[in-house]
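*Asks:* okay, structure incoming, though there's no sequence with it:
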Ligand SMILES: [Zn+2]
Ligand SMILES: [Zn+2]
């Protein structure tokens, strides 16, 4: 969805949109499906450019880094961004005017892509790595079965000799 910034005058533009971000726009190694983002922001004219303030709420499913199981995820991000036309190539001094903002975003042809904003904020909010649980046992290196499930497979467990030595010390059967 594109927002036309050229016609924002005295009245602020209120946006409340739900977008569905496809995994390929995010990190397909981490995301297990589309992420739904609610963009609830207000854009008002500012000098220079516009100011966008509000929040984004994300809901989706991620993949456990060990077993690839699905882990529900949600997050909320506040945004406070100054929108500036890209054409007006910013000089250093000009940028200093906007230090009260958290971020500056350059827009081309007065057109703001809500999708781009949602993708960027979601990538910022998303953890690099999630586990379905702290003790996730991961997958069998031989057959790929999910070892969190009882009797997942009967592959022989190859134990690294260094860990076997540790297991002996702790008295656990190896
Ligand atoms: Zn897991
Ligand atoms: Zn196996």
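*Replies:* Perfect, thanks for sending it. Keep in mind that this is a model prediction, so the values were computed, not measured. Ligands and ions are numbered 1, 2, ... in the order given.
*Asks:* for the longest strand along the chain, which positions count as buried?
*Replies:* Longest strand in the chain, counting residues (DSSP state E): strand 70-85. Going by neighbour count (16 or more other C-beta atoms under 10 Å), the buried part of strand 70-85 is 71, 73, 75, 77, 79, 81, 82, 83, 84, 85. All C-beta spots, glycine's among them, are computed from the backbone N, C-alpha and C.
*Asks:* I'd like to know how far the last one sits from residue 61.
*Replies:* Which is residue 85. Using C-beta to C-beta, to the nearest Å, residue 85 is found at 37 Å from residue 61.
*Asks:* quick one: is the helix or strand containing residue 58 near ligand 1?
*Replies:* Assigned by DSSP states H and E, residue 58 belongs to strand 50-63. No. Strand 50-63 lies out of reach of ligand 1 by C-beta under 5 Å from the ion, never closer than 8.6 Å.
*Asks:* that strand - what's its average pLDDT?
*Replies:* On average, the pLDDT along strand 50-63 is 96.
*Asks:* now the angle from that strand to strand 70-85?
*Replies:* Using axes from the mean of the first three to the mean of the last three C-alpha atoms, to 10 degrees, the direction of strand 50-63 lies 160 degrees away from that of strand 70-85.
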